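1. sequence and predicted structure, then a few things I'm wondering about:
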Amino acid sequence: MIVVLSLIWGTSFILIKKGLVVFAADELGALRIVIACLSLLPFAILNLRKIEPHRWKFIVASGLLGNLFPAFLFAYAETQLASGLAGVLNSLTALFTLLIGAMFFRQSITWMRMVGILIGIAGTAMLIFSGNNSADLDNKFYGLFIVAATVCYGGSANIIKFRLQGIKPVVMSSMALLTVGPVAATYLFTTGAMYKLQHVPGAWEALLYIATLAVFSTAIGLILLNKLIHVSTPLFASSSNYLIPIVALGWGVLDGENIYAWHYMGMAVILMGVFVVNRAK
């Protein structure tokens, strides 16, 4: 499941890039959530009455943190960042999963794991703020959108593990998307997305990329993640972050993105931090 999840999520960054050729970041984010919600809607309807009332607040939180906010944040980030670098920064999910677990869910954190977190943060700073040309300086802060998204992912992973244990992964995923799907749909109709589908060349091709992103990276990926969290730990489930950057960078290079030496240095430092966090006892 780790390998499959890594392949699915590692490909998501190039799909976002392709979708942004036609659609604005907010349009892409809304479309992604709406399509993902619709793809799992039958499961949500069939299991709606099985959810205990006191769990709904946690499902809503998971839907917001694990789906809605990151969908928009990643799209905004990739308006200026290469898709491969976005995939590298996504590795911070493992670090924030541990940190949020320690801060809000009473999970133990050792000094070695804290060292790993600090190493990861240093690598992030290197990746975002290195570079000397004007384009780098203008675009570097867009990496902070992805940092914010990984904080959201870390919060969602802990909520799923410690507040939603016992709910089947497909049910959990469909319910989380159900809580945010109507919000995204309402917003979508205030944008120009429908107009673009009718009048802009290439819009349907871009929509196909977004639909692939929604069904595989959001819907199916969420089910796999929930399954992993339930059978292991949030930290182990976030171990896919070792492989996601490799897949994302591979797609980026194939698409002609320029990856420089300082990018690889930053990536190496981030992955070192993730490794220390996962291996430390």
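-> Done, it's in. Residues are numbered from 1 along each chain as shown.
2. going forward, measure contacts and count neighbours with C-alpha atoms only.
-> Noted.
3. residue contacts, residue 244?
-> Neighbouring residues of residue 244 by C-alpha atoms under 8 Å, 6 or more residues apart in numbering: 6-7, 9-10, 87-88, 91.
4. and the gap between it and residue 93?
-> As judged by C-alpha to C-alpha, to the nearest Å, residue 244 and residue 93 stand 11 Å apart.
5. now do residue 128
-> Distance, residue 128 to residue 93, using C-alpha to C-alpha: 16 Å.
6. the more surrounded of those two?
-> The neighbour comparison of residue 128 against residue 93 (other C-alpha atoms under 10 Å) goes to residue 93, with 27 against 22.
7. centre of this protein to the edge, which residue is at the far end?
-> residue 199 (30.6 Å; C-alpha atoms, centre = their mean).
8. please pull out the lowest mean pLDDT helix or strand from the protein.
-> The helix or strand with the lowest mean pLDDT-type score in the chain, counting by mean pLDDT, DSSP states H and E, is helix 134-139 (a mean of 50).
9. which helix or strand lies directly C-terminal to that helix?
-> Counting by DSSP states H and E, the next helix or strand C-terminal to helix 134-139 is helix 143-163.
10. let me see the mean pLDDT of that next one.
-> The average pLDDT for helix 143-163 rounds to 93.
11. report the buried residues of the helix or strand just after it.
-> As assigned by DSSP H and E, the chain's next helix or strand after helix 143-163 is helix 169-188. Using 16 or more other C-alpha atoms under 10 Å as the test for burial, helix 169-188 gives 169-181, 184-185, 188.
12. for helix 169-188, enumerate the helices and strands it packs against.
-> With contacts taken as 3 or more C-alpha pairs under 8 Å, 6 or more residues apart in numbering; DSSP states H and E, helix 169-188 sits against helix 25-47, helix 56-63, helix 221-231.
13. quick check: what element follows it along the chain?
-> helix 193-199.
14. list of residues touching that following helix?
-> 22-23, 27, 203-204.
15. buried residues, that helix. List them.
-> By neighbour count on 16+ other C-alpha under 10 Å, the buried set for helix 193-199 is 193, 197.
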